[in-house]
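Visitor: Here is my input; please provide its structure:
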Amino acid sequence: MFLRSHASPTPPRTGSLASRQVAQSLRRMAEQALSRTSGAPLVEHNRVRVLQDADGNYPAWLLAIRSAQKFVHLENYIFEDDEVGREFAQVLTAKAREGVVVRVIRDWLGSRRGASRSFWREMAAGGVQLRCFNPPRLDSPVGWITRDHRKTV
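Guide: A predicted model of the protein is given here:
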């Protein structure tokens, strides 16, 4: 789980010129490796925090969503129309109504039974941009097997 947060201050420079050059060279190599493997460039000043379970995840996710000022991008495998799902839906919809761009990607299979069409319609009516990952398609009859188990905010 990746949690995008506020920019952290740049650490103070220490060490010799040679050690800074080595660090810069290593950083460039890491950026290239990450860019090649992920298909996305490294974004500076982000912070990553690994959260182990729902007790740690949900409060942190909700805090990040409530704190958003420009956009919220949420990707999750399962959404359900239960107490937790409704809380997320309410917070996401409230942010969208405040003018924050809110985008949600859900897995077609993972969210197929847990939330009704009205659950999704209410979020869309509130301004949340919804996308479904890999729904079945006639041109790829077994393509739906690929799933999106990511959980990112």
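
Visitor: Just confirm residue 84 contacts residue 58, I think it does.
Guide: Yes: contact criterion C-beta atoms under 8 Å: residue 84 and residue 58 qualify, at 6.4 Å. In short, each C-beta sits where N, CA and C put it, glycine included.

Visitor: send the alpha carbons of the helix or strand that contains residue 37 over as PDB?
Guide: Following DSSP states H and E, the helix or strand that holds residue 37 is helix 17-38. What follows is helix 17-38, C-alpha atoms only, in PDB (Å, rounded to 0.1, in the frame of the first residue of the first chain):
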ATOM      1  CA  LEU A  17      31.800  15.900  -2.700                       C
ATOM      2  CA  ALA A  18      32.800  12.400  -3.800                       C
ATOM      3  CA  SER A  19      30.300  10.700  -1.500                       C
ATOM      4  CA  ARG A  20      27.500  13.100  -2.800                       C
ATOM      5  CA  GLN A  21      28.400  12.200  -6.400                       C
ATOM      6  CA  VAL A  22      28.300   8.500  -5.600                       C
ATOM      7  CA  ALA A  23      24.900   9.000  -3.900                       C
ATOM      8  CA  GLN A  24      23.600  11.000  -6.900                       C
ATOM      9  CA  SER A  25      24.800   8.300  -9.300                       C
ATOM     10  CA  LEU A  26      23.100   5.600  -7.200                       C
ATOM     11  CA  ARG A  27      19.900   7.600  -7.200                       C
ATOM     12  CA  ARG A  28      19.900   8.000 -11.000                       C
ATOM     13  CA  MET A  29      20.400   4.200 -11.300                       C
ATOM     14  CA  ALA A  30      17.500   3.600  -8.900                       C
ATOM     15  CA  GLU A  31      15.300   6.000 -10.700                       C
ATOM     16  CA  GLN A  32      16.000   4.200 -14.000                       C
ATOM     17  CA  ALA A  33      15.300   0.800 -12.500                       C
ATOM     18  CA  LEU A  34      12.100   1.900 -10.900                       C
ATOM     19  CA  SER A  35      11.000   3.700 -14.100                       C
ATOM     20  CA  ARG A  36      11.700   0.700 -16.200                       C
ATOM     21  CA  THR A  37       9.900  -1.800 -13.900                       C
ATOM     22  CA  SER A  38       6.900   0.300 -13.000                       C
END
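
Visitor: Might you list the low-confidence residue ranges for this protein?
Guide: 1-15, 42, 49, 51, 54, 110, 136-137, 141-153 (pLDDT under 70).
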